[in-house]
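1. Provide a 3D model corresponding to the input given below.
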Amino acid sequence: MNRIVIIGTTGSGKSTLAKQLAEKHGLKYIDLDDFHHLPGWKERSDEDFRRLVDEATRGDKWVVAGNYTTRSQAITWPRADTIIWLDMPFFANFNALFARTMRRWRTGEIICNGNKETLPKQFFTTDSILWWFLKTWYKNRKKYGGIFANPQAYPHLKMIHLCSYQQSAEFIQSLDKS
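-> Next up, the predicted model:
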């Protein structure tokens, strides 16, 4: 595993797992949210986003955290050797996302090019990360489930399907033993 793409619904642990894999295997850590979001939560153009993804994944050792499949899959998947799908149960995923959002709001943690999560934006608008989760959890499960049900479409990829936060933790621990 030298070129890894991690996919899953928001709050599923993509960035956390990617950081752990980067540290354990000396991989370059790439978070697609950093390429997508500009300061002030503005969205980067598709052209600039794809250019950044292309440049970041030209090397031999990297791990990408993030979906953006319509914008990045044509670049990252052919270059990858492994795809990891974090397919977390709905309520566990929502609870993890809610807790993370509250922590970030409370601490003022800087994310995605200087942005912060704010209470009104994160909870009370259609731009809310929680609303995004509700809109995408089932869609992602269906889309990625279809991909993982047909692995011969990507014969060069090792496909790993993790279905709980416990499985994700055990997966990282198993790498210590190998």
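
2. now stretch 80-96: mean pLDDT?
-> On average, the pLDDT along stretch 80-96 is 97.

3. Distance from the chain centre to that stretch, please.
-> 9 Å (CA atoms, centre = their mean, to the nearest Å).

4. Contacts for it next, please.
-> Outside stretch 80-96, the residues that touch it by CB atoms under 8 Å, 6 or more residues apart in numbering are 1-9, 11-14, 17, 64, 77, 130, 133, 137, 141, 144-145, 147-148, 154, 156-165, 168. Where you see a C-beta, it was placed from the backbone N, CA and C, and this is true even at glycine.

5. For that stretch, buried residues please.
-> 80, 82, 83, 84, 85, 86, 87, 88, 93, 94, 96 (16 or more other CB atoms under 10 Å).

6. right, and the helix or strand after the worst-scoring helix or strand of the chain on mean pLDDT?
-> Scoring the helices and strands of the chain by mean pLDDT, DSSP states H and E places helix 119-123 at the bottom, with a mean of 63. Downstream of helix 119-123, the next assigned helix or strand under DSSP states H and E is helix 129-148.

7. you'd agree residue 130 is up against residue 101?
-> Yes - using CB atoms under 8 Å, residue 130 is in contact with residue 101, at 6.7 Å.

8. more neighbours, those two?
-> residue 101 (20 against 17; other CB atoms under 10 Å).

9. so when I look at that one, I'm seeing a strand, right?
-> No - counting by DSSP: H, G, I helix; E, B strand; the rest coil, residue 101 is not part of a strand but helix.

10. Just the strands from the protein, written as ranges.
-> 3-8, 28-31, 37-38, 42-43, 62-65, 82-86, 158-162 (DSSP state E).

11. Comparing the ones you listed, which comes out most buried?
-> Scoring those by mean neighbour count under mean count of other CB atoms under 10 Å gives strand 62-65 as the most buried, with a mean of 27.
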